[in-house]
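Colleague: Need coordinates for the below:
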Amino acid sequence: MRFGVVDHVEMRPEVPLKQIFQERLDYVQAAEEAGLWGYHTTEHHLSKLDATPSPSLLLSAMAPLTDRIKLCSLVHIVPGYHPVRLAEEVIMLDHLTNGRFQMGVGKGVSPPEHRLLDLETERIAETFDDHLRRMVEVLEGQPVDGAEVPFETIQRPYPPLWYAGNGIRAAELNMNTMLGGPPQAVAATVAEHRRICAERTEPPRFNPAVEHTTIGVSRQVVVDKNSKTAKERGVQAWRLYTPHINHHFDRTGESAARDPSFGGDAEAASAAHALVAGSPQQVAESYIEMAEVGGPDYLLGAFFWGDMDQAEAMTSFELFVTEVIPAVQAALKQT
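Modeller: Below you'll find the model as predicted:
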């Protein structure tokens with residue numbers, strides 16, 4: 001079982017961007033020192049949910065500060081880039097990270113954000129498929145309008161690709177995926193993902209070097225020695241996380257197809273396993289249940305979220321690393 005972190009890089013009231021950026025550079029170094037497998041960052045635009053709307057820039061800043069941890073986007077909004085330009089960035093990131101970059105690809109989940117990038121929501125799936133195909137062709141070295149591609153990635157034929165949020169579609173694309181939800185729901189998706197991959201009879205179009213796709217599960221996490229304090233703090237942080245993640249829908253008055261904030265209800269989020277807050281033992285038990293019932297092979301947490309300051313987030317993260325992960329590993333060895 002591998003462990004990692006997901007980070008929206010949320011803005012916090014009255015905290016300068018320079019400070020937020022420095023916190024994240026310190027954070028990824030701590031994650032590497034803790035032996036975590038991966039750091040995953042997101043892409044959102046004109047929203048306090050994401051102070052780093054360019055995953056490429058953030059990961060390139062982290063590259064020289066780390067040596068082992070995988071640096072991953074989750075995701076690059078592929079329709080928002082010219083595919084040639086994006087392929088060139090992927091090649092750069094692969095070399096800057098010395099072969100540690102992994103790329104999440106996606107359409108973007110929010111029609112209001114699509115409009116910010118002048119994307120047509122009605123054609124977003126078609127645009128995604130076209131840009132993904134063209135980007136991969138460049139990564140594979142196919143000439144563009146007669147121009148040869150003068151460089152190639154360290155990882156061949158290109159860095160592993162991820163498709164988050166839809167495990168079935170990820171399987172169809174032969175891509176790694178990131179899921180959320182209760183263990184039983186995750187288990188059903190994991191089983192179907194594995195079935196599709198196992199029954200594939202033709203060589204996969206994407207990720208030909210990936211023999212066994214990775215299925216991760218992530219949730220917002222608060223760990224405290226005092227379980228009551230952890231749960232209270234989780235409820236408080238959820239109050240700010242909610243308007244951040246729903247900002248563009250709230251701004252335009254549109255309805256989201258799926259509300260990741262659960263209407264701002266932290267208790268509902270906890271029931272759905274989107275939020276896990278408690279003592280190290282309680283958090284470990286939640287992750288053990290997910291591992292044993294859900295069946296993923298990669299477990300992640302988000303520790304900087306809502307209005308969590310650096311001290312709080314790092315305390316929670318350190319308890320996760322020193323107490324939760326060892327408890328999960330010990331339990332899984334016994335099964």
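Colleague: Mind telling me what element the closest residue to Phe262 other than its chain neighbours is part of?
Modeller: Residue nearest to Phe262 in three dimensions, not counting chain neighbours: Ala268, with 4.0 Å by C-beta to C-beta, 6 or more residues apart in numbering. The C-beta positions use only the backbone N, C-alpha and C, and glycine is treated the same way. Using DSSP states H and E, Ala268 falls within helix 266-271.
Colleague: circling back to that earlier point, Gly167 versus the residue nearest to Phe262, what's the distance?
Modeller: Ala268 is 22 Å from Gly167, where distance means C-beta to C-beta, to the nearest Å.
Colleague: repeat for Tyr27
Modeller: To Gly167, Tyr27 is 27 Å away according to C-beta to C-beta.
Colleague: Pick out whichever of those two has more residues nearby.
Modeller: Gly167 (25 against 21; other C-beta atoms under 10 Å).
Colleague: pretty sure the more buried one contacts Arg195?
Modeller: No. Gly167 lies out of contact with Arg195 (C-beta atoms under 8 Å); the separation is 11.1 Å.
Colleague: Run the chain-centre distance for stretch 8-25.
Modeller: Chain-centre distance of stretch 8-25: 18 Å, with C-alpha atoms, centre = their mean, to the nearest Å.
Colleague: again, but for stretch 224-239
Modeller: Using C-alpha atoms, centre = their mean, the offset of stretch 224-239 from its chain centre is 23 Å.
Colleague: Could you do stretch 70-90 as well?
Modeller: For stretch 70-90 - counting by C-alpha atoms, centre = their mean - the centre lies 14 Å from the chain centre.
Colleague: how long is it from one end to the other?
Modeller: End-to-end span of stretch 70-90 (C-alpha to C-alpha, to the nearest Å): 14 Å.
Colleague: Go through it and flag the buried ones.
Modeller: By 16 or more other C-beta atoms under 10 Å, the buried positions in stretch 70-90 come out as 70-81, 83-84, 86-90.
Colleague: Filter these down to just the ones in strands.
Modeller: Lys70, Leu71, Cys72, Ser73, His76, Ile77 (DSSP state E).
Colleague: which one of these is nearest Ala61?
Modeller: Nearest to Ala61 among these, counting by C-beta to C-beta, is Leu71 at 9.9 Å.
Colleague: And the closest residue to the closest one other than its chain neighbours, how close does it get to Met308?
Modeller: Spatially, and ignoring its direct neighbours in sequence, Leu71 is nearest to Leu59 (4.5 Å; C-beta to C-beta, 6+ apart). From Leu59 across to Met308, the span is 22 Å (C-beta to C-beta).
Colleague: Okay, helices next: where are they in this protein?
Modeller: Secondary structure of the chain, counting by DSSP state H: helices at 17-33, 55-62, 83-96, 111-116, 124-139, 167-172, 183-198, 227-245, 247-252, 266-271, 280-289, 310-319, 325-333.
Colleague: Could you report the pLDDT at the residue most central in space within the chain?
Modeller: The residue lying closest to the centre of the chain (C-alpha atoms, centre = their mean) is Leu74, at 4.0 Å. With respect to pLDDT, Leu74 has a value of 95.
Colleague: Burial check on the residue nearest to Leu71, number of neighbours?
Modeller: Leu59 has 26 nearby residues by other C-beta under 10 Å.
Colleague: List the contacts of the spatially closest residue to Met62 that is not a sequence neighbour.
Modeller: In space, and not counting its chain neighbours, Met62 is closest to Val28: 4.8 Å by C-beta to C-beta, 6+ apart. Shown in contact with Val28 (C-beta atoms under 8 Å, 6 or more residues apart in numbering): Tyr39, Met62, Leu65, Thr66, Ile69, Leu71.
Colleague: Now for the third one: which residues touch it?
Modeller: If I follow you right, that is Leu65. Leu25, Val28, Gln29.
Colleague: Distance of the last one relative to Arg68?
Modeller: It refers to Gln29. Gln29 is 11 Å from Arg68, by C-beta to C-beta.
Colleague: Looking at those two, which is more packed in?
Modeller: Gln29 (16 against 11).
Colleague: which residues touch stretch 190-208?
Modeller: The contact list for stretch 190-208 (C-beta under 8 Å, 6+ apart) reads 132, 136, 157, 160-161, 167-168, 170-177, 179, 210, 213, 215, 294-296.
Colleague: And stretch 237-247, by the same measure?
Modeller: 8, 10-11, 47-49, 220, 222, 250, 256, 259-261, 264, 266, 269, 275, 305-308.
Colleague: PyMOL command for the buried members of those?
Modeller: PyMOL command restricting those to the buried ones, with burial defined by 16+ other C-beta under 10 Å:
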select buried, resi 8+10+11+47+48+49+220+222+256+260+261+266+269+275+305+306+307+308
